[in-house]
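K.L.:
would you be able to build a 3D model of this:
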Amino acid sequence: MKKIAVFFPGIGYTVDKPLMYYSRRLAAALGYEIRLLPYGGFPDKIRGDRIKMTESFEIALSQSKTMMADLNFEDYEEVLFVGKSIGTIVAAAIAAQSAVNDRIRLVLYTPLEETFSFSLRDAVVFTGTGDPWVSKENSRIPELCRERRVPCYMYPDADHSLETGNIQTDLDNMRQIMEKTEEFMKRGLFTKDDSGKGTAVG
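P.N.:
Residues are numbered from 1 along each chain as shown. You can find the predicted model right below:
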């Protein structure tokens, strides 16, 4: 079976940072062809500035399309998009526009509200209650996931990098996140597991 995993990083959260690095290793071990999209050239001080966020999205979207110009997703039986932060918006946008949207699955780490302006046919979300990019405990991400029947895992006190500041907690959370990510990669149809510290709300 021919399958590919495409990685859409965040603005400062590159493809070499933990969530991207370990999920990439998992995908490679499961036989996915790996494509990294190291886009860049974003404006400064984006958070809270809608104009700069839109500009950043357009930059990442344009560069992603250029870097994927040689790919024909119809050649693959399975297509996995793994996005982080603004990369989740880009991944969702490209998936929604694809002729093979029905075979594209999405792993969304700390998505932004704009991600949910696109259809999410088969996705899983990981977010934290301390994420300032989505108003921390007042985040609408769990609600948006419920509305779209997307499994959402909330990590207490975790910020936009899904880190809490407590090293042991962060290591435990990373292990749980990667276990859930691997299950999603393997099965395609996500089965919620509420046994970890991440609370499933979708």
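K.L.:
shaky segments in the chain?
P.N.:
Counting by pLDDT under 70, the chain has low-confidence residues at 188-202.
K.L.:
again, 50 this time
P.N.:
The model of the chain has pLDDT under 50 over residues 189-196, 201-202.
K.L.:
in it, which residue is closest to the centre?
P.N.:
Nearest to the mean C-alpha position of the chain, by CA atoms, centre = their mean, lies L108 at 2.2 Å.
K.L.:
what secondary structure does that one sit in?
P.N.:
Following DSSP: H, G, I helix; E, B strand; the rest coil, the label given to L108 is strand.
K.L.:
quick one: contacts for it?
P.N.:
Contact analysis of L108 by CB atoms under 8 Å, 6 or more residues apart in numbering lists 83, 88, 91-92, 115, 120, 123-126. From N, CA and C alone the C-beta is placed, and that goes for glycine too.
K.L.:
so which bits of the lengthiest helix in the chain are buried?
P.N.:
The single longest helix within the chain, with elements called by DSSP state H, is helix 167-187. Counting neighbours by 16 or more other CB atoms under 10 Å, one finds that the buried residues in helix 167-187 are 169-170, 172-174, 176-178, 180-185.
K.L.:
only alpha carbons, please: show that helix as PDB.
P.N.:
Extracted in PDB, the C-alpha atoms of helix 167-187 (Å, rounded to 0.1, in the frame of the first residue of the first chain):
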ATOM      1  CA  ILE A 167       9.200  18.100  32.800                       C
ATOM      2  CA  GLN A 168       7.700  14.800  34.100                       C
ATOM      3  CA  THR A 169       4.200  15.900  33.200                       C
ATOM      4  CA  ASP A 170       5.300  17.000  29.700                       C
ATOM      5  CA  LEU A 171       7.100  13.600  29.100                       C
ATOM      6  CA  ASP A 172       4.000  11.700  30.200                       C
ATOM      7  CA  ASN A 173       1.700  13.800  28.100                       C
ATOM      8  CA  MET A 174       4.000  13.500  25.000                       C
ATOM      9  CA  ARG A 175       3.900   9.700  25.400                       C
ATOM     10  CA  GLN A 176       0.100   9.700  25.600                       C
ATOM     11  CA  ILE A 177      -0.200  12.100  22.600                       C
ATOM     12  CA  MET A 178       2.100   9.900  20.500                       C
ATOM     13  CA  GLU A 179       0.200   6.700  21.500                       C
ATOM     14  CA  LYS A 180      -3.100   8.300  20.400                       C
ATOM     15  CA  THR A 181      -1.400   9.600  17.200                       C
ATOM     16  CA  GLU A 182      -0.100   6.200  16.400                       C
ATOM     17  CA  GLU A 183      -3.500   4.600  16.900                       C
ATOM     18  CA  PHE A 184      -5.000   7.200  14.500                       C
ATOM     19  CA  MET A 185      -2.200   6.500  11.900                       C
ATOM     20  CA  LYS A 186      -2.700   2.700  12.200                       C
ATOM     21  CA  ARG A 187      -6.500   2.500  12.100                       C
END
